[in-house]
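fold the following, please.
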Amino acid sequence: MKLILLFIFLSFASAAQVPAKEPETAFIDPEEMPQFKGGNSALMRYLQDSVKSKAMVSLEESYVLQRAYAKFTISETGKVSNVHIIRSSRVPRIDSLFKSAIEHMPDWSPGSFRGKPKAVQMNLPLKLELE
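Alright, predicted model coming up:
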């Protein structure tokens, strides 16, 4: 009897729960990719200007510095979100500067699928050009 009452109680408790709203998924391969205003050359110039002016790389760090990769989302409105460094440059300070530069990017032209703006997941290689 206790088992039946427990079953009935759990049935009502689970029926009363409101299902969580599923998060909007970001496209990986939309029909039209998001565009940084000014194109890829402007994007690379922005990243170099944003990081290089703040990055003082020692001789030792320059030997271990590698290309890093960032993953982020461009929303339906062109805003940057969910920024993650997925492969480190091996210099944590440089990774932090790259992440901050991406988080503070100006708005992009959003990507689209079937003519409607959609959130798009982007991957970006990041290489600090030393002189």
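
in this protein, where is pLDDT below threshold?
By pLDDT under 70, the weakly predicted segments of the chain are 1-24, 27, 131.

contacting residues for the residue most central in space within it?
Within the chain, the residue whose C-alpha comes closest to the C-alpha centroid is Phe72; the distance, by CA atoms, centre = their mean, is 1.3 Å. Neighbour list for Phe72: Val80, Ser81, Asn82, Val83, His84, Ile102, Gln121, Met122, Leu124 [criterion: CB atoms under 8 Å, 6 or more residues apart in numbering]. C-beta: built from backbone N, CA, C; applies to glycine.

so which of those are in strands?
Judged by DSSP state E, the subset of the contacts of Phe72 located in strands is Val80, Ser81, Asn82, Val83, His84, Gln121, Met122, Leu124.

most neighbours among the contacts of Phe72, please name it.
Taking other CB atoms under 10 Å to define a neighbour, the member of these with the most is Ile102, carrying 22 neighbours.

my read: it touches Ser81, true?
No - with contact defined as CB atoms under 8 Å, Ile102 does not count as touching Ser81 (10.1 Å).

picking up where we left off before, and the ones in strands among the contacts of Phe72, which two are furthest apart?
Across the ones in strands among the contacts of Phe72, the longest distance by CB to CB is 14.0 Å; it joins Ser81 and Leu124.

burial count for Ala119?
21.

kindly report the same for the one 10 residues further on.
For Glu129, the number of neighbouring residues by other CB under 10 Å comes to 9.

sorry, back to before: list phi and psi for the residue nearest to the centre of the chain.
Note on Phe72: backbone dihedrals following degrees, to the nearest 10 are phi -160, psi 170.

thank you kindly, that will do.
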